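**Q** Just the structure for this:
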Amino acid sequence: MTALAEKCDAIGNWLQGIADVLWGMPFIVFVICVGLYYVIGSGFFSFRYFGHTMKYTLGKMQNKESNSKASGRISPFEAACITVGSSVGGTNISGVATAIATGGPGAIFWMWLWALCGMIFKCAEVSLACYYRNKDEHGEYYGGTTVMVEKALIKGKGWKWAAILMYTFGWGFIFQFVGGSQAYTLSETIQTAFGIPQMVITLLYTVFVYYIIWRGKPRIAKFATKSVPAMCVLYVALCLGVILANITQVPAAIVIIFKSAFTPTAAVGGFAGSTVSHMMRVGLSRSINSNEAGQGSSPLCHSSAHTIHPVRQGLWGSCEVFVDTVIVCSATALAVVCSGMWSSGIKGASLTMASFETLYGSVGPLFICFLMFMFGLTTTCGVYTYYNSLFMHLLRNHPAARDTCIKCFRIIFPLSNVFQVGLVVLSGGGAALNWAIADLCLIIPVFINLIIMLIMSPKFFQLLRDYKARYMGIGTVNPNFQPFYDNPPSEKEVEDLLSEG
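**A** From the prediction side, this is the model:
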């Protein structure tokens, strides 16, 4: 081992150790409690009115309301495609497989638990971001966690100390760009299938990222709307093929997922065994990493959407969690467990690939490589729009510095792929180190965002009651309540949208 490789290996072990400590039981309990608080506080909205959510999201993807946009904003459907594209990626294929390979099938139960809590939690994140959104000097709308903290807490309540939350979240979120997992997952997959060096694939991938992000959000939105729905359908269909081919194993797979979620899983085959706490850790972290509920990420895009009510756009947040985790991640999990490959000792995307090979033979790796490439691009490019929104707010009082920073970041951002893959490859840490870096970069913004969302929960519950009264006929409309803090749609825009909705 070279001196550089030894240093990388030492850094890798250090990062993995820190990630294990930070994602310990106290933080896991905190995450679950916050999620359950929103579920109960909303009156189990995402469960009781699941049909309403689907009706005004997936059920109206092509109507005028979902595709309408005004100057400075994107359509609700474009926002959803960008955010679904940013969440459905390497975690769905590699992260879920790694969670099963290291934590056992029980990790899937904890992944599902956060998804069920995350449906209402992400709805709240998106709703609040739309309620408190800003408009810049070019007429473009932006928002997110930092904007709501400034308007609601710093200015609204006079809590100057809340600036600590705002800047810690903002810069902590931006720091995540060094932990992008998509390039590693893709390069690992293609190297396993075809033997092409990971760094070569990473450099090629970086070039594609440059091409898509160079024109900004319009090109990213166009790319996402064209590719995301088709990719999700194709991947789920391929997973269903594996599941149906092993249909007799499905009952046993369900049993082992629920049974092992609360009991340690013994070593079997190439699986080294796992404790319950480790299962909870990998299940929750992969769920948050995948569906982004709790990250405060997708509100950065959704706040630009043209919508009649903040909660109407928030329904898309619930839909994204359902599509990403309940459908796509579950498809991966069941394919891996039902095929019997989960205990083989294989990890990462290679495990999903091995599960596909049991049915599709040598064609299976081709499917995975193509989908990983496309999923990776939509994820990386979607996340890029989040960082742009944060720069717009954090440097809002310095427009020249803001524009310069955004231009420089456009150049630096894709290069983070080269840095991160180089570190993992040189250290020999593999998929485990890759996800340790991702978890480490994730924990600070998630922790701060959960605290902020606890403080902001009364406003969301107020918005939810108003939406139910205005558009669901549940309760009485308060004529003095304004659905938007400022920058609301015009009365004509609302009438036009409702006439088509």
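
**Q** Next, name the residue at the spatial heart of the chain.
**A** The residue lying closest to the centre of the chain (CA atoms, centre = their mean) is Glu292, at 2.9 Å.

**Q** Can you report how many residues neighbour the nearest residue to Ile346 once chain neighbours are set aside?
**A** Among residues not flanking Ile346 along the chain, Ala354 sits closest, at 5.4 Å (CB to CB, 6 or more residues apart in numbering). Every residue, glycine included, has its C-beta placed from N, CA and C. For Ala354, the tally of surrounding residues (other CB atoms under 10 Å) stands at 20.

**Q** residue contacts, Ala354?
**A** Applying CB atoms under 8 Å, 6 or more residues apart in numbering, we find Ala354 in contact with 339, 341, 344, 346.

**Q** Kindly recompute the last result at 7 Å.
**A** Contact analysis of Ala354 by CB atoms under 7 Å, 6 or more residues apart in numbering lists 341, 344, 346.

**Q** backbone phi and psi for the second one, please?
**A** Note on Ser344: its backbone torsions stand at phi -80, psi -20 [degrees, to the nearest 10].

**Q** what's the neighbour count on it?
**A** Ser344, neighbours per other CB under 10 Å, totals 17.

**Q** before we move on, what about the first one?
**A** Here the count is done by other CB under 10 Å, and Met341 has 26 residues near it.

**Q** show me the contacts for the residue nearest to Ile120 when sequence neighbours are not counted.
**A** Leaving aside its sequence neighbours, Ile120 sits nearest to Ser46 (CB to CB, 6+ apart; 4.4 Å). Shown in contact with Ser46 (CB under 7 Å, 6+ apart): 53, 119-120, 123, 318.

**Q** Surely Val126 touches Gly314?
**A** Yes: if you go by CB atoms under 7 Å, Val126 and Gly314 touch, sitting 4.3 Å apart.

**Q** Looking at the two, which is more packed in?
**A** Counted by other CB under 10 Å, Val126 and Gly314 do not tie: Val126 has more neighbours, with 34 against 30.

**Q** give me every residue that touches the more buried one.
**A** 298-299, 302, 313-314, 316-317.

**Q** Now, these that are in strands?
**A** Cross-referencing the contacts of Val126 against strands under DSSP state E gives no overlap.

**Q** Weed out the non-buried ones from the residues you listed.
**A** Buried residues within the contacts of Val126, defined by neighbour count using 16 or more other CB atoms under 10 Å: 298-299, 302, 313-314, 316-317.

**Q** Quick check, Ala124 in contact with Tyr37.
**A** No: under the criterion of CB under 7 Å, Ala124 makes no contact with Tyr37, lying 10.6 Å away.

**Q** and those two? which has more neighbours close in?
**A** Ala124 (28 against 16).

**Q** and the strand or helix carrying that one, which residues are buried?
**A** Per DSSP states H and E: Ala124 is located in helix 106-131. Buried residues in helix 106-131, defined by neighbour count with 16+ other CB under 10 Å: 106-131.

**Q** quick revisit: any idea which helix or strand carries the residue nearest to Ile346?
**A** Using DSSP H and E, Ala354 falls in helix 349-360.

**Q** Can you name the element that comes right after that helix?
**A** The helix or strand immediately downstream of helix 349-360 is helix 363-394, counting by DSSP H and E.

**Q** and the angle from that following helix to helix 349-360?
**A** 140 degrees (axes from the mean of the first three to the mean of the last three CA atoms, to 10 degrees).

**Q** just how off-centre is helix 363-394 within its chain?
**A** Taking CA atoms, centre = their mean, to the nearest Å, one finds helix 363-394 lying 10 Å from the centre of the chain it belongs to.

**Q** Looking at the contacts of Ser46, which is nearest Pro483?
**A** Nearest to Pro483, judged by CB to CB, of these is Cys123 at 14.8 Å.

**Q** quick one: contacts for the closest one?
**A** Counted by CB under 7 Å, 6+ apart, Cys123 has contacts 46, 314-315, 317-318.

**Q** And it, how far from Gly104?
**A** Cys123 sits 31 Å away from Gly104, going by CB to CB, to the nearest Å.

**Q** Would you confirm that Pro251 belongs to a strand?
**A** No: according to DSSP: H, G, I helix; E, B strand; the rest coil, Pro251 belongs to no strand; its state is helix.

**Q** Glu140: neighbouring residues, count only.
**A** Around Glu140 there are 16 residues (other CB under 10 Å).

**Q** likewise Tyr471?
**A** 17.

**Q** Please verify my assumption that Arg465 contacts Gly475.
**A** Yes: counting by CB under 7 Å, Gly475 is a contact partner of Arg465 at 6.0 Å.

**Q** More neighbours: those two, which one.
**A** Set side by side, Arg465 and Gly475 show more neighbours around Arg465, with 19 against 12, by other CB under 10 Å.

**Q** so that one is in which element?
**A** According to DSSP H and E, Arg465 maps onto helix 430-471.

**Q** Low-confidence regions, this protein specifically.
**A** 1-13, 15-16, 61-91, 137-139, 177-181, 215-219, 221, 266-273, 427-435, 487-501 (pLDDT under 70).

**Q** which residues does Met148 contact?
**A** The contact partners of Met148, taken as CB under 7 Å, 6+ apart, are 128-129, 132, 456.
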